[in-house]
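Visitor: I need the structure of the sequence given here:
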Amino acid sequence: MEIRQLEYVVAVAKYKNFTQAAKAIHLSQSSLSQQIKKLEKELGVKIFERNTRNVKTTPIGAEFINHALRILSEVNQAHSRIKEYLTTDRGQIKIGIMPVISYYQLTQQIAQFQKSYPGIKLHFTEAECARLHDMVLNSEVDAAFLSEIKPEPRLRMIRLINDKLYLVTSSLHPLATRESVSLADLAYENLIVPTSDSGLYKNLMDACRKVNFTPKIYYQCSQVETILDFVRNGLGITLLAKTVASHFSNRDLVIIPVVPAIPRRISLAFINKEELSPVLSVFVRFFQNKQRSSDRNLRRKGI
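Guide: Residues are numbered from 1 along each chain as shown. Alright, predicted model coming up:
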């Protein structure tokens, strides 16, 4: 029994016609018929019942075809793995990263990937999330770590982080004593926020639109440290992802929950297609496994 004979059997079962099956697998009808007869003789059973109009699978033939499909699937997976292994010795990936990526420990995970696959060369481009979104769609990068800003069926997102926006104020601000705030509480406050092409800005503006609230933008800045320095000195307040804000918590700044919660979701984005390049498949699977491991740990802790 040969692998190609299994492929022939599967083709005949699919098309229920020797002529069509032979055409699909680029083989003459006579050769296909001979190979099927040879296999049936070797097995000692009839796989197909033939007549002048079509071909029917016998009961034992149907069972054999199920086994053939599983075997062919395993063979294809083995070929893919070998191809993957060979490619990782000389492949490269273009990756887009958002400016605040380090606060989410994703740089650490990228470094772990690089150590695991030293043969893959990584090329990085830093940009705000709106730009990264377009770069993935335009194939300027193969994948990007970004904040989800809008539904896009052409992109596939592997969710890595579920975060929320928190209010950050000076410890001397009147809101600093509150246990929580709503967006309506911020109607007359000067907001110091990231630039309009950032994911956080778009997350914030979407939340404001849902509650018919127009924020009073006092200043926009691309650097988190600069935003917080203005807040610390009483020029306004800001909203930041809790994970990012927690890196700057001290006696001069207060971090307050916003209700209802404003989600900030960090994902690995790439083009939504059936077959990725071998090196990109390795990269995506690495972060999928990281996320599954993280989810299992959270479940064990009851979070």
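
Visitor: quick check: Glu225 vs Phe270, distance?
Guide: Distance of Glu225 to Phe270, given as CB to CB, to the nearest Å: 30 Å. Where you see a C-beta, it was placed from the backbone N, CA and C, and this is true even at glycine.

Visitor: pick out whichever of those two has more residues nearby.
Guide: More crowded of Glu225 and Phe270, by other CB atoms under 10 Å: Phe270, with 22 against 8.

Visitor: surely that one is in a strand?
Guide: Yes. Counting by DSSP: H, G, I helix; E, B strand; the rest coil, Phe270 falls inside a strand.

Visitor: leaving aside the residues next to it on the chain, what's closest to it?
Guide: Leaving aside its sequence neighbours, Phe270 sits nearest to Ala143 (CB to CB, 6 or more residues apart in numbering; 4.1 Å).

Visitor: quick one, helices of the chain?
Guide: For the chain, applying DSSP state H gives helices covering 3-15, 18-24, 29-43, 59-87, 106-116, 129-137, 199-210, 224-232, 242-245, 278-300.

Visitor: touching, Leu160 and Ser267? I think so.
Guide: Yes. Using CB atoms under 8 Å, Leu160 makes contact with Ser267 at a distance of 5.8 Å.

Visitor: which neighbours do those two share?
Guide: Common neighbours of Leu160 and Ser267 are listed as Phe145 (criterion: CB atoms under 8 Å, 6 or more residues apart in numbering).

Visitor: beta partners of the residue most central in space within the chain?
Guide: For the chain, the residue nearest the mean C-alpha position is Ile158 (2.5 Å; CA atoms, centre = their mean). Per DSSP bridges, the residues bridged to Ile158 are Leu268.

Visitor: verify the stated contact: it with Ser267.
Guide: Yes. In this structure Ile158 lies within contact range of Ser267 using CB under 8 Å: 5.8 Å.

Visitor: ok, now which ones touch the residue nearest to the centre of the chain?
Guide: Counting by CB under 8 Å, 6+ apart, Ile158 makes contact with 267-269, 284, 287-288, 291.

Visitor: most neighbours out of the residues you listed, which is it?
Guide: Counting neighbours by other CB under 10 Å, Ala269 comes out on top of those with 24 neighbours.

Visitor: any idea how far that one is from Ala143?
Guide: 6 Å.

Visitor: mutual contacts of those two, please.
Guide: Val136.

Visitor: related to what we said a few turns ago, any chance of the helices of the chain in JSON lines, plus distance to Ile93?
Guide: Below are those laid out as JSON lines (distance: least, CB to CB, whole Å):
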{"stretch": "helix 3-15", "distance to Ile93": "32"}
{"stretch": "helix 18-24", "distance to Ile93": "35"}
{"stretch": "helix 29-43", "distance to Ile93": "42"}
{"stretch": "helix 59-87", "distance to Ile93": "11"}
{"stretch": "helix 106-116", "distance to Ile93": "10"}
{"stretch": "helix 129-137", "distance to Ile93": "12"}
{"stretch": "helix 199-210", "distance to Ile93": "21"}
{"stretch": "helix 224-232", "distance to Ile93": "27"}
{"stretch": "helix 242-245", "distance to Ile93": "25"}
{"stretch": "helix 278-300", "distance to Ile93": "6"}
